[in-house]
Each structure stands twice: as structure tokens, then as C-alpha cells.
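1. sequence and predicted structure, then a few things I'm wondering about:
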Amino acid sequence: MNYWLMKSEPDVYGIGDLKRDRQTIWDGVRNYQARNFLRSMQPGDLVFFYHSNVVPPGIAGLMKVVESNIADPTQFDFASRYYDVKSTKESPRWQTVCVEFVEELSTLVSLDTLRSQFSPDDLLVVRPGNRLSVMPINPEVAQKILVLAR
DNA sequence: GCCAACGTTGGC
DNA sequence: GCCAACGTTGGC
């Protein structure tokens, strides 16, 4: 099993929304590095749900990949801001995953806490200026984050 | 609201 | 293929 971190602005879609929906397709990722990480996710992988662009930012919950290699439906939707005129149904450009709610943390593991525990080499999300919205977490770091979350 | 980081676009 | 201009992300 692999571990990941994915960001979302809670004003747009937060852990509370996932708790209500139980599952969601993680659509709208339009960065190739992030997409490549999405492509390598497997069912069963654990994903930290990170709340960005909010005070304080941090890890707010846990989710699990239930289905991988899904063509992001918004790339074919004219009305979507994520519509991609160059993508075709025969060879979709953007893949994503379906995730399932696992847990809403009673206490946010804040970016400040993460910075105090991990170096940018251990955890990409604490690197200053980091904008990647999907990133891998090494298992050792993931276990430590899970301890901080309890 | 500001601004640093950095990905993307487009002229050449 | 280079690189300046531009747009977006996201912390503060």
C-alpha cells in the first residue's frame, strides 16, 4: 500500500463534504506531475486530505482510493472550467481516482506542526512555495503523521 | 491583499 | 529550443 497527500480548498470541497458524500471522483487536476501521481495510485492506498488556502492549513482527514485510472469526466464537459478541447474519449489526457471517506481528524495536523516535525526532503508539502496538489508520502513519514493525528 | 514560486504560453 | 510574460497556487 502507498501513501499520498491531496490538497483541496475546504471552501470548494472539504473533508466535511467527503464525509457527507462518502465517495467522490477527485476531478479537476490539470498539472502533469500531479496527474502522473494520480495514475500510479492503486485501490487501497491511503490519502491524507489537506485543506489549503485556509487558516490554518493542514491535514484534516483520511481517505482511501477505491478505484484508479478513471478518466476525469470534467475534461469532456464544455461547461466545466476543466474542459480540455484537446482531450478525446479515445485517449483521455487526464486520469484521476475515486476516493472514499475514512476519517475526519478531531484535530487538524497543521502545516506548522508538519514543519516542526519534518524537513522539506521528507515531506514535499512543507517545502516553501510548493504548489503541487497531489504528492507521494513515504511510509515512514505517513506512520508518523498518523501518530500526530491521534 | 501581497507576493514568492513555478508551470504554461507564445514570440522569435 | 529559448526565455520573457503571464497566470495560478497558496501561505501569510
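-> Perfect, thanks for sending it.

2. quick one: A:Val29 from A:Met41, how far?
-> Spatial separation of A:Val29 from A:Met41 under the definition C-beta to C-beta, to the nearest Å is 12 Å. Just so you know, the C-beta spots here come from the backbone N, C-alpha and C atoms, and that holds for glycine as well.

3. residue of chain A closest to DNA strand B, please.
-> Minimum separation of chain A from DNA strand B (C-beta to the nearest atom of the strand) falls at A:Gly129, amounting to 2.1 Å.

4. against A:Arg115, how distant is that residue?
-> Per C-beta to C-beta, A:Gly129 is found 13 Å from A:Arg115.

5. wait, what's in contact with the spatially most distant residue from the centre of chain A?
-> Computed with C-alpha atoms, centre = their mean, the maximum C-alpha offset from the centroid of chain A is found at A:Glu90, amounting to 26.1 Å. Contacts for A:Glu90 were tallied using C-beta atoms under 8 Å, 6 or more residues apart in numbering; there are none.

6. roughly how far apart are the closest residue to DNA strand C within chain A and A:Ala71?
-> Per C-beta to the nearest atom of the strand, A:Pro57 is where chain A lies closest to DNA strand C, at 3.6 Å. In this structure, A:Pro57 lies at 30 Å from A:Ala71, with C-beta to C-beta as the measure.

7. bridge partners for the residue nearest to A:Gly14 when sequence neighbours are not counted, pull those for me.
-> The shortest distance from A:Gly14 to any non-neighbouring residue, by C-beta to C-beta, 6 or more residues apart in numbering, is to A:His51 (6.1 Å). Here A:His51 sits in beta bridges with A:Ser8, A:Gly58, going by DSSP bridges.
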